[in-house]
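[1] With the input below, show me the fold.
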Amino acid sequence: MPVEPTTDENWWSNGPTGLCGPDSEIFVWTGDEMPRGTPISDDRWVEVWNHVMMRYIRHSDGCLELMRRPSIDTGLGLERLVGILRNTQSVFEIDVFQPWLSTLPRIWSPLDERSLRVLSDHLRSSIVIIGDQVTPSPSGRGYVLRRLIRRVLTTLWRDDPTRTLSDLPIELVEHTLEHFRQSVDPSEVRTVLLDEERKFDVLLQRGRKILFRSRFTGTLTDDDYRYLHDTHGLPRDLVVYLNAEAGIS
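    Predicted coordinates for the structure are as follows:
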């Protein structure tokens with residue numbers, strides 16, 4: 001494939017501060033004819049692999065400090081690679097997603113394609129994370145899990161607030177755990193999901209009461225968001241969701 005220098009894009013960072021470094025990206029041509037163009041000019045080049053040369057730590061003032069022990073962080077999109085080898089248009093067409101795509105529309109109808117993909121991907125990911133003995137929490141890996149589950153729930157409840165994760169067939173949990181060779185009891189995974197659903201519902205009910213106060217009826221400022229988070233434990237994305245639910249921009 002062509003080598004394309006893209007200085008601005010070929011750089012990975014963990015955020016405004018922290019680990020960072022240059023990276024290389026490996027693409028596969030998925031078109032029917034001979035390869036043409038570059039990954040920037042033709043979206044039939046699909047990225048399947050990257051290598052991050054983890055060399056620096058970026059500080060709050062923007063300066064870069066060389067790491068004492070640099071390393072290489074590499075990531076291969078296995079499911080994306082399977083999709084390419086099987087000539088599918090997306091990873092959602094490979095076999096591991098089929099039980100999800102065929103089952104979820106039967107229990108939570110109707111679902112548009114975007115919602116179906118979000119639910120399939122996030123629920124499957126949540127099950128795998130719980131299978132690795134991680135539970136929802138306010139920070140670290142547990143917070144990633146919490147965000148995944150909450151997006152599942154906001155997607156479900158957007159169209160029908162009576163939907164619940166208790167409708168999720170245990171067979172889907174078992175299928176995912178078996179696929180990743182995790183020995184966790186599927187009922188324990190289900191218990192974690194339902195417990196987080198209950199906590200999130202309580203938080204939503206409390207958030208609705210708080211946002212009904214006159215102080216928060218207009219356009220919210222950054223100070224309002226900070227106050228809601230620091231004082232009431234309502235993260236910004238949750239406040240945005242509740243305002244959208246109430247028809248407030």
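
[2] Need the per-residue pLDDT for residue 237.
    As predicted, residue 237 sits at a pLDDT of 79.

[3] can you confirm it is in a helix?
    Yes. The assignment for residue 237 by DSSP: H, G, I helix; E, B strand; the rest coil puts it in a helix.

[4] Give the burial count for it, as a bare number.
    Number of residues near residue 237 (other Cβ atoms under 10 Å) recorded here: 13. Heads up, the C-betas are built off the backbone N, CA and C, glycines and all.

[5] what does residue 119 give?
    22.

[6] pLDDT weak spots in the chain?
    Along the chain, segments meeting pLDDT under 70 span 1-8, 247-249.

[7] ok, for residue 183, nearest residue in space, not its chain neighbours?
    With Cβ to Cβ, 6 or more residues apart in numbering as the criterion, residue 183 has its nearest non-adjacent residue at 7.8 Å, and that residue is residue 177.

[8] Same question for the host helix or strand of the one you found: list its buried residues.
    Element membership for residue 177 (DSSP states H and E) is helix 170-179. Applying a neighbour-count criterion of 16 or more other Cβ atoms under 10 Å, one finds 172, 173, 174, 175, 176, 177 buried in helix 170-179.

[9] out of these, who's nearest residue 30?
    Among the buried residues of helix 170-179, residue 176 lies closest to residue 30 (Cβ to Cβ), at 27.0 Å.

[10] before we move on, the earlier item: list the contacts of the residue nearest to residue 183.
    127, 131, 183, 184, 186, 189 (Cβ atoms under 8 Å, 6 or more residues apart in numbering).

[11] and with 7 Å instead?
    Going by Cβ atoms under 7 Å, 6 or more residues apart in numbering, residue 177 touches 127, 131, 184, 186.

[12] so how far is residue 175 from the last one?
    Taken as Cβ to Cβ, to the nearest Å, the spacing of residue 186 relative to residue 175 amounts to 9 Å.

[13] what about whichever helix in the chain runs longest, distance to the chain center?
    Using DSSP state H to define each element, the chain has its longest helix at helix 186-211. With Cα atoms, centre = their mean, to the nearest Å as the basis, helix 186-211 stands 18 Å off its chain's centre.

[14] Same question for stretch 57-70.
    Distance, centroid of stretch 57-70 to centroid of chain: 27 Å (Cα atoms, centre = their mean).

[15] before we move on, back to that, what angle do the helix holding residue 177 and helix 186-211 make?
    110 degrees (axes from the mean of the first three to the mean of the last three Cα atoms, to 10 degrees).

[16] Can you give me the neighbour number for the residue nearest to residue 233 when sequence neighbours are not counted?
    Leaving aside its sequence neighbours, residue 233 sits nearest to residue 203 (Cβ to Cβ, 6+ apart; 7.3 Å). As a burial measure, residue 203 scores 17 neighbours (other Cβ under 10 Å).

[17] Please, where are all the helices along the protein?
    For the chain, the helices defined by DSSP H occupy 78-85, 98-107, 113-131, 140-159, 170-179, 186-211, 222-232, 236-245.

[18] Now render these as TSV, adding distance to residue 46.
    What follows is the helices of the chain, written out as TSV (distance: least, Cβ to Cβ, whole Å):
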stretch	distance to residue 46
helix 78-85	6
helix 98-107	21
helix 113-131	17
helix 140-159	24
helix 170-179	23
helix 186-211	32
helix 222-232	37
helix 236-245	29
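
[19] and of these, who's closest to residue 71?
    Among those, helix 140-159 sits nearest to residue 71 (Cβ to Cβ), with 20.2 Å.

[20] For stretch 77-93, list every residue counted as buried.
    Buried, per 16+ other Cβ under 10 Å, within stretch 77-93: 77, 80, 81, 83, 84, 91, 92.

[21] The first one and residue 28 touch, don't they?
    Think residue 77. No. Assessed by Cβ atoms under 7 Å, residue 77 is found out of contact with residue 28, at 10.1 Å.
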